[in-house]
Every structure is written in structure tokens, then in C-alpha cells.
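Colleague: Provide a 3D model corresponding to the input given below.
(one chain, ligands or ions: 1)
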Amino acid sequence: MQTESIEIATGAPLTLLSEEERMFQGSIREFAIEKIRPLVHDMDRNAKLDEGLIRAFFDLGIMGIEIPEEFGGAGSTFFNAVIVVEELSHVDASCGVIVDVHNTLVNNAVLRWASPEQKARYFPRLAAGEVGAYALSEEGSGSDAFALACRAEEKPDHWLLNGRKLWITSAAEARIFIVFANVNPDLGYKGITAFIVERDFEGFQVGKKEDKLGLRASSTCELILDDCRVPKENVLGEIGRGYKIAIETLNEGRIGIGAQMIGVARGALEHAVAYCKERKQFGKAISEFQGVQFQIAQAATDLEAARLMVYNAARLKDARQPFVKEAAMAKLFSSQVCERVTSLSVELFGGNGFTKEYPVEKFWRDSKIGSIYEGTSNMQLATIAKTILTERL
Ligand SMILES: Cc1cc2nc3c(=O)[nH]c(=O)nc-3n(C[C@H](O)[C@H](O)[C@H](O)COP(=O)(O)OP(=O)(O)OC[C@H]3O[C@@H](n4cnc5c(N)ncnc54)[C@H](O)[C@@H]3O)c2cc1C
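Modeller: A predicted model of the protein is given here:
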């Protein structure tokens, strides 16, 4: 468990980055534009991430942002993870999500809940080349995540896991999975336990890959656990406390989804602004029409508001301050803004926006996932309402 709190200069503007953050942001932005952008169209069409890119994410050090340096990580902040996810997603949301899930869910869960031995065993691998995935959802349990049916049965020298997981991001590439299963359904959610499962474990299989509307290059697969043998020492945290691990990692992880959404919205808007300055109708650039200018101004304003919410939630988390309500608001709002801004961007491209020759239709397709995963928008509203209604005024 991390105990140190990060020094935050109170009163500093939220979007004013430190020298180190600015340099980091600049290098990821450059990488995204130069190395990812040329591959985006084909990765989307082929529904597959470029393997060289995944290797490059490790080489860049962005798969171990918060992993302590002693294990080969960068020992950096959650805020830096948010910067990376925004920068990658402004070019490709699928690259954004593989890095996001790896850092904000998998590494985060290990950082907060793993034993010293587990950290020593898994962090060097997670920092250096093995992709992580996070397996909570099942066919019958999405929003109602704790109704999960996956079972874990204790044997004398191992656990046996049985069941199926659905919708698991990065499952095609991952080697290390955080899997949630119930050790005793009679206990309800208090039976839920987290396990670290390796792809090579006996009885573990990655199943069908989904053919999706957006985020196509990110793999989303079923996991099949058929008498999957998991060593005793691979229980993550305490037996029966998996529900707490799930709630707390998702509370943090959804700030990363907020970052993905502001990245996607920004990417679409940048393309739209450039196009509006080029495209001529009625004898002038369409950006000269006040009607178009106002649409762009509103989109940029919405995006700025969403970015402030995401950055603030991340800064609160790094400062060890309460952030659950702010994280839910940031994810809810940024996914709404992302849908609006990407939709407008398609419109501003006119007929061209509706074709795959131009980049904006993909941003629009990629925007939709923000209101679904890591808790649907209704689930965010439920969290926000619960905190507001129980807050002391
Ligand atoms: C591309 C993709 C990647 C994913 N990656 C992962 C992953 O890596 N790991 C993982 O564990 N899961 C993952 N998921 C699963 C995702 O978190 C779930 O899809 C999500 O939580 C919603 O669950 P569901 O699909 O079962 O929808 P449901 O829970 O069936 O919801 C359907 C609708 O009902 C509404 N609803 C449900 N209950 C209520 C309620 N009480 N009040 C009001 N409205 C309600 C919802 O808001 C939604 O609109 C992924 C999903 C997708 C599509």
C-alpha cells in the first residue's frame, strides 16, 4: 500500500503542468502522432493492435507508471497515467485503453493489495513486457457485478476456478489476469475473492473475441475457466475482500476512462478545426461562418470543463483526498462531452465525415464506450447521487 502523499501546490491552476509532467506529455504526444497515427486506420480495419506498438509501450516505460522503481517501473503518479491515456487516445482510443487498463486497474490493484512476494514476482513482468487484464464482468453480471457466478474452490494445495468471464479488455494480448471469483456464494458479495491468474495456468483459456462498433483494435474476449488451477499464494488481498478490491480499483480506474474520453474528443476536434479552415463553401472557409465558429467554441468549452474534472479527480487521488464522487462525475461528463464533440466533428466534415476516408467517424464510434464500461452512466449517476444524499451539508 502506498502511504506517501504527493506534494500538491494548492491554488495552482489544474491545467498548469509541472516541468516533468509537461516533458512527459510532450514525449507521449509526439510518439502518438509519429508512431501510432500511421497505423490507426489499418488497426481499426483489422481489429488488431500492432504488436510493435505494444512492445514500444513497455520500452517507453508507460506500462509501469506507478510501479515502484525497484521493480523496473517509473515510480510516478496517477496523474501521469492520466496524461498518457489522454495523449494516446487523442490519436487512438484502443492504444489508450490497453495502457489504461494495465496501469489504472491491474498495476493499481497489485500496488494496493498484493503481498511483498507477489509484487516482487509480478511487477517486474508487468513493467517489462507482460500485458495485464482485469476480469470482473460475466454474462449475467455487468452493472450488478457482485452477482458474479464464477466459483473458486479451495483444494489442499491450490484453488480451482470455474466459470466464464465476458468482455475482458486486452485478453488476446494479456499474460496476467486479475480474476474475481466467489469462494462461497452463501456469503454473497463477501465471498468474492481476487486471484492473480496467468495465461499458462492449467484450465485457463481465452475464448471468443467480440466484433465491436468501436475500440476495434482493442481485444475484448471471453475467458473460460475450466478447473483452472491457481496456486494458493495467488490470492490477491484477503479471501472474501475481492469486492473491496473491485470497487476501489474501479473508483480509480474510471478517472482513466475520463482521460480516454477527453483524448478522443480532443482528437476529433483537432481534425474538425483543421478541416473547417480548409474546406470552402460560398466562396470562403467554413470556419469563417459564425454558425460554425459557435459550434466549435461550444465544443472546446465542453472539452475544457471535462478536462478540468478529469485532472481534478486525478490530482485528488494523488493527494490522498476523497475523490469517488469527482471520479464518477468526471467519467460521466467526459463521456457525454466526447459523444457530443465527436458527433459534431462528423457533421463539420459534411459527407466526408461519414466515410472511412476521413478520421472522424472512428472517433465517433470510439466515443460510445465511455458511457458503458467501468460502470455505465446510470451507475455513475447512482454513485454521485449516493454520495450527495449521504453528505453532511
Ligand atoms: C468494449 C468493452 C470492454 C470491456 N472491458 C471490460 C474489462 O476489461 N473487464 C471487465 O470486467 N468488464 C469489461 N467490460 C464490461 C463492462 O464493464 C460492462 O459491459 C458494463 O459494466 C455494463 O454491464 P452489462 O453490459 O452487463 O450491462 P447491464 O448491466 O445489463 O446494463 C444494461 C443497461 O441497464 C442499465 N442498468 C442496469 N442496472 C441499472 C440500475 N440499477 N439502475 C439504472 N440503470 C441500470 C445500464 O445503465 C445499461 O444502460 C467491457 C465492456 C465492453 C463493451
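Colleague: is stretch 160-169 up against the ligand anywhere?
Modeller: Yes: Stretch 160-169 comes into contact with the ligand (Cβ under 6 Å from any ligand atom), by way of 167-169. Quick note: C-beta positions are derived from backbone N, CA and C, even for glycine.
Colleague: Throw these into JSON lines and include secondary structure and neighbour count, thanks.
Modeller: Output for the residues of stretch 160-169 next to the ligand, formatted as JSON lines (DSSP: H, G, I helix; E, B strand; the rest coil; neighbours: other Cβ atoms under 10 Å):
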{"residue": "Trp167", "secondary structure": "strand", "neighbour count": "19"}
{"residue": "Ile168", "secondary structure": "strand", "neighbour count": "24"}
{"residue": "Thr169", "secondary structure": "strand", "neighbour count": "26"}
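Colleague: Any idea how far stretch 236-251 is from the middle of the chain?
Modeller: 18 Å (Cα atoms, centre = their mean, to the nearest Å).
Colleague: Now do the buried residues in it.
Modeller: With burial defined by 16 or more other Cβ atoms under 10 Å, the residues of stretch 236-251 counted as buried are 236-237, 239-246, 249-251.
Colleague: right, is it up against the ligand?
Modeller: No: applying Cβ under 6 Å from any ligand atom, one finds stretch 236-251 separated from the ligand by no less than 8.6 Å.
Colleague: avg pLDDT for that stretch?
Modeller: Averaging pLDDT along stretch 236-251 yields 98.
Colleague: could you pull out the strands for the stretch 101-250 of the chain?
Modeller: Assigned by DSSP state E, counting those that start in this stretch, the strands in the stretch 101-250 of the chain fall at 132-135, 151-154, 158-169, 176-182, 192-198, 204-209, 220-231, 235-236.
Colleague: Need the winner for burial among those.
Modeller: Mean neighbours per residue, mean count of other Cβ atoms under 10 Å, is largest over the strands of the stretch 101-250 of the chain for strand 132-135, with a mean of 27.
Colleague: Just give the strands next to that strand in its sheet, each with its orientation.
Modeller: strand 176-182 (parallel) (DSSP bridges).
Colleague: How about the residues of the stretch 151-300 of the chain by the ligand?
Modeller: Proximity of the stretch 151-300 of the chain to the ligand (Cβ under 6 Å from any ligand atom) is limited to residues 167-169, 212, 215, 220.
Colleague: Could you list the buried residues of stretch 137-155?
Modeller: Buried, per 16+ other Cβ under 10 Å, within stretch 137-155: 137-138, 141-142, 145-146, 148, 150-152.
Colleague: confidence score at Gln2?
Modeller: What the model reports as pLDDT for Gln2 is 44.
Colleague: immediately after the host helix or strand of Leu344, which helix or strand?
Modeller: Leu344 belongs to helix 324-348 when assigned by DSSP states H and E. Downstream of helix 324-348, the next assigned helix or strand under DSSP H and E is helix 360-367.
Colleague: Pop out the phi and psi values for the residue in the stretch 51-200 of the chain positioned nearest to the ligand.
Modeller: Residue of the stretch 51-200 of the chain nearest the ligand, by Cβ to the nearest ligand atom: Gly142 (1.8 Å). Gly142 has phi and psi values of phi -110, psi -90 when expressed as degrees, to the nearest 10.
Colleague: Distance of it relative to Pro322?
Modeller: To Pro322, Gly142 is 26 Å away according to Cβ to Cβ, to the nearest Å.
Colleague: Please apply the same query to Ser143.
Modeller: Ser143 sits at a distance of 23 Å from Pro322 (criterion: Cβ to Cβ).
Colleague: do the same with Gly129
Modeller: Going from Gly129 to Pro322 by Cβ to Cβ gives 36 Å.
Colleague: who has more neighbours, those two?
Modeller: Remark: of Gly129 and Pro322, Gly129 carries more neighbours, 14 against 10, as counted by other Cβ atoms under 10 Å.
Colleague: Spit out the contact partners of that one.
Modeller: Counting by Cβ atoms under 8 Å, 6 or more residues apart in numbering, Gly129 makes contact with 55, 58.
Colleague: Can you check the pLDDT for it?
Modeller: pLDDT for Gly129: 96.
Colleague: Ile6 now?
Modeller: Predicted confidence (pLDDT) for Ile6: 60.
Colleague: for the protein, which spans come out with low pLDDT?
Modeller: Along the chain, the model assigns pLDDT under 70 to residues 1-9, 392-393.
Colleague: Please enumerate the helices of it.
Modeller: Ranges of helices within the chain are 19-31, 40-46, 51-60, 78-89, 93-100, 108-113, 116-128, 242-278, 290-318, 324-348, 360-367, 377-390, based on DSSP state H.
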